[in-house]
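Engineer: Next one to model:
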Amino acid sequence: QVQLVESGGGLVQAGGSLRLSCVVSGRTFSTLTIGWFRQAPGKEREFVVTVSRSDGNTYSADSVKGRFTISRDSAKNTAYLQMNNLKPEDTAVYYCAADSRPFGSRRSRDYAYWGQGTQVTVSS
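Structural biologist: Prediction:
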């Protein structure tokens, strides 16, 4: 059973930074493509960024390009989401997702495994 556990969320002022972690267990980390999604109150879950297991390429939503970076550390079975220059509109619950697909996807339905989410709140 694949399990994903996020951590690192919290309250930060606009312009600040946070790093989210996603620890994966139950499957060899290198066999998984990782994605980060977020969901704000009253809104649908939206794609943030993904890193492909096959070639390591990353893809980001336009809203976070140049500010958010995804990385992965196979030795630690952990994926990271580095978030810089945070804005109030980044406030949401952030979810880590994983799938065996070779390339990343912007669609949440393409990911089989999900974490429980971690809250990120950005104050103005």
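
Engineer: mind listing what the spatially closest residue to Asp73 that is not a sequence neighbour touches?
Structural biologist: Computed as Cβ to Cβ, 6 or more residues apart in numbering, the closest residue to Asp73 that is not its neighbour in sequence is Tyr80, at 7.3 Å. In short, each C-beta sits where N, CA and C put it, glycine included. Neighbouring residues of Tyr80 by Cβ atoms under 8 Å, 6 or more residues apart in numbering: Arg19, Leu20, Ser21, Cys22, Ile70, Ser71, Arg72, Asp73.

Engineer: Out of those residues, list just those in helices.
Structural biologist: Using DSSP state H, the subset of the contacts of Tyr80 located in helices is empty.

Engineer: Make a PyMOL selection of the buried ones in those residues.
Structural biologist: Typed into PyMOL, the line below selects the buried ones among those, using 16 or more other Cβ atoms under 10 Å:
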select buried, resi 20+21+22+70+72
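
Engineer: In strands, which of the contacts of Tyr80 appear?
Structural biologist: Arg19, Leu20, Ser21, Cys22, Ile70, Ser71, Arg72, Asp73 (DSSP state E).

Engineer: Could you list everything the last one pairs with in the sheet?
Structural biologist: With DSSP bridges applied, Asp73 shows beta-bridge pairing to Thr78.

Engineer: Likewise for the first one?
Structural biologist: Per DSSP bridges, residues listed as beta-bridge partners of Arg19: Gln82.

Engineer: Who does the most centrally placed residue in the chain form a beta bridge with?
Structural biologist: Nearest to the mean C-alpha position of the chain, counting by Cα atoms, centre = their mean, stands Trp36 at 2.4 Å. Note on Trp36: beta-bridge partners by DSSP bridges are Val49, Cys96.

Engineer: roughly how far apart are it and Gly115?
Structural biologist: Applying Cβ to Cβ, to the nearest Å, the value for Trp36 to Gly115 is 10 Å.

Engineer: so what sits against both of these two?
Structural biologist: In contact with both Trp36 and Gly115: Cys22, Tyr95, Cys96, Ala97, using Cβ under 8 Å, 6+ apart.

Engineer: Noted, bye for now.
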